[in-house]
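Undergrad: one predicted model, sequence on top.
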Amino acid sequence: MPASALPELEELHRLIELGGTHLDAQTMCKVAMGSHQFDVLAVTMGSRDPAAPAIGFFGGVHGLERIGAEVVLAYLGSLVHRLKWDKALHDLLGDVRLVFMPLVNPGGLWQGTRANPHGVDLMRNAPIDAKEDVPFLIGGQRLSATLPWYRGPERAPMEEESYALCQVVEQSLLTSPFSAAVDCHSGFGVQDRIWFPFAHTTEPLAHLAELHALHRIFDQTHAHHRYVFEPQSVHYLTHGDLWDHLYLLGRERHPQHIFLPLTLEMGSWIWVKKNPRQLFSRHGIFNPLIAHRQQRVLRRHMALLDFMTRAVASHSRWQPDEHERDLHHRQALARWYPELPKPRRSGLVRPK
C-alpha cells in the first residue's frame, strides 16, 4: 500500500464523486496520523422526508477488521452504479433514507489495529456500564491503552470517531419513526452471526417482538441462509457498547419511535480453516486474504444488506400490530431467552 494511500477511503471518495447529486456527503471529523489526515465521512442518499424510514450501514469500527468496511463500500458501490439504470431503485429511494459510514475508524485501518490511534476500542467507548459481570479484558477495561478492549479514561468524553457515529445515528436515524442499523464486523467463529442488543445486560430489549418479526421474514425470504440471529448477550457482556447506548438514547428521546440496531459478525474461522497459514497473520485472522474468498464474502452479504433496505422501507407491511406483538414476544423469549420466566398471554402492549 502506498505510504499516502488508504484504499478504502479513496474508494469512498470515488463513489461520492460518481454518485453526484444523488449523494450527500458530510465530514463528521478528521483523524490525524502523522503527516496524514483522514476524513470520517457520512454519506446519505434517498428520501429527505424526516418521517421516512431510515437505515444506516457502518463499517471499519475496528480497524483490523477491514472486511467490514469493504462490505459496506461494496453495497454502496452497487447502489451508485444502479442509479444509472434501475428505475425500481429510484422508486425505493423515494420511500427510504440510507446512511453510510464505511470507515468509522480510518486511523485504525491505517495502522492495522482494532483500536483507534489513541488505543481506544470504539465499541467499548460509550458511556454505559454493564449491569452484570463481564469477562476480564474483553468486556472492556480501563487499565491501559496498551491492552486490548481499552474503554478510554473514566469520565472522559467519547473519542471523536465514536462521537461522530453517535451524531450520525442521532441526526439521521433516531429522528425517524422507524429505523435500523447494520454494523459490519468480523470475528472468531465458524458461522456468520447477526447480533442485536443488549450487550450490557442479559435482559431483553423493548422491541423484541419487532426483531422477531424481522427475523421471521428474513427466514421466509432467504430460506437457505446460514446466519445465526441472536442477542449478543448469549456470548458475552461488555461495558461501553455503542449500539446499546444509542438504542437506549432513542428510547429516551423518541419513545414512540422504533430503532433496531444489528451487528453482522462475519465468522472469520471459516477463512482460517480453509487457509491455516492465516493464523500467522494478525490481519489474516480477521479477513479473507485470498482474492476469490474475499469476493465470495462480498457477494454473500449483499443480499442481507439489500434485504434490510427493503425491509425498512416496507416496515408497515411486516411490523407486528398490537394483536401480533404478544405472540411475537413470547416466541422470541422462547427462542432467545428460554431461561427467563414465561410472560402472561395478556397485558403485553406496545412499548411506550
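TA: Cool, got the structure. Residues are numbered from 1 along each chain as shown.
Undergrad: any weak-confidence spans in this protein?
TA: 1-4, 342-352 (pLDDT under 70).
Undergrad: for it, which segments count as helices?
TA: 7-19, 66-82, 87-93, 106-111, 160-172, 208-221, 242-253, 269-274, 282-286, 291-313, 315-318, 322-336 (DSSP state H).
Undergrad: what's the burial count for E132?
TA: 11 (other C-beta atoms under 10 Å). Any C-beta I mention is one placed from the backbone N, CA and C, and that applies to glycine too.
Undergrad: typo on my end, H235
TA: H235: 15 neighbours (other C-beta under 10 Å).
Undergrad: same question, D24
TA: Neighbours around D24, by other C-beta under 10 Å: 14.
Undergrad: what sits opposite it in the beta ladder?
TA: Here D24 sits in beta bridges with T44, as judged by DSSP bridges.
Undergrad: follow-up on the earlier one: out of the helices of the chain, which comes closest to L122?
TA: helix 160-172 (4.8 Å; C-beta to C-beta).
Undergrad: and that closest one, what does it pack onto?
TA: Contact partners of helix 160-172 among helices and strands, from 3 or more C-beta pairs under 8 Å, 6 or more residues apart in numbering; DSSP states H and E: strand 24-33, strand 36-46, strand 54-59, strand 97-101, helix 242-253.
Undergrad: thinking again about what came up before, T202 is nearest to which of the helices of the chain?
TA: Among the helices of the chain, the nearest to T202 by C-beta to C-beta is helix 322-336 (10.4 Å).
Undergrad: between the closest one and helix 208-221, how big is the angle?
TA: 80 degrees (axes from the mean of the first three to the mean of the last three C-alpha atoms, to 10 degrees).
Undergrad: mind listing what's buried along helix 322-336?
TA: For helix 322-336, the neighbour count (16 or more other C-beta atoms under 10 Å) marks 325-326, 328-333, 336 as buried.
Undergrad: tabulate the residues you listed (JSON lines), appending distance to L147.
TA: Putting the buried residues of helix 322-336 into JSON lines (distance: C-beta to C-beta, whole Å) gives the following:
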{"residue": "R325", "distance to L147": "43"}
{"residue": "D326", "distance to L147": "46"}
{"residue": "H328", "distance to L147": "41"}
{"residue": "H329", "distance to L147": "40"}
{"residue": "R330", "distance to L147": "42"}
{"residue": "Q331", "distance to L147": "41"}
{"residue": "A332", "distance to L147": "36"}
{"residue": "L333", "distance to L147": "37"}
{"residue": "W336", "distance to L147": "32"}
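Undergrad: quick one: contacts for H90?
TA: L83 (C-beta atoms under 8 Å, 6 or more residues apart in numbering).
Undergrad: number the chain from 7, please
TA: Right, with 7 as the first residue, what we last looked at is H96.
Undergrad: tell me how far it lies from L82.
TA: According to C-beta to C-beta, to the nearest Å, H96 stands 16 Å off from L82.
Undergrad: over to S320?
TA: S320 sits 21 Å away from L82, going by C-beta to C-beta.
Undergrad: just give me the neighbour total for A121.
TA: A121: 26 neighbours (other C-beta under 10 Å).
Undergrad: was I right to think it contacts L115?
TA: No - using C-beta atoms under 8 Å, A121 is not in contact with L115; the gap is 11.5 Å.
Undergrad: now do the shared contacts for the two.
TA: Shared contacts of A121 and L115, counting by C-beta under 8 Å, 6+ apart, come down to G69.
Undergrad: centroid residue for the protein?
TA: When the chain is reduced to its mean C-alpha position, the closest residue under C-alpha atoms, centre = their mean turns out to be D189, at 1.3 Å.
Undergrad: what residues does the residue nearest to G290 when sequence neighbours are not counted make contact with?
TA: Using C-beta to C-beta, 6 or more residues apart in numbering and skipping residues adjacent in sequence, the residue nearest G290 is Q284, 3.1 Å away. Q284 makes contacts with 277-278, 290-291, 295, as judged by C-beta under 8 Å, 6+ apart.
Undergrad: and for L268?
TA: 186-189, 200-202, 314.
Undergrad: next: A38.
TA: Listed by C-beta under 8 Å, 6+ apart, the contact set of A38 reads P123.
Undergrad: same thing but 7 Å
TA: Applying C-beta atoms under 7 Å, 6 or more residues apart in numbering to A38 gives no contacts.
Undergrad: understood, closing this out.
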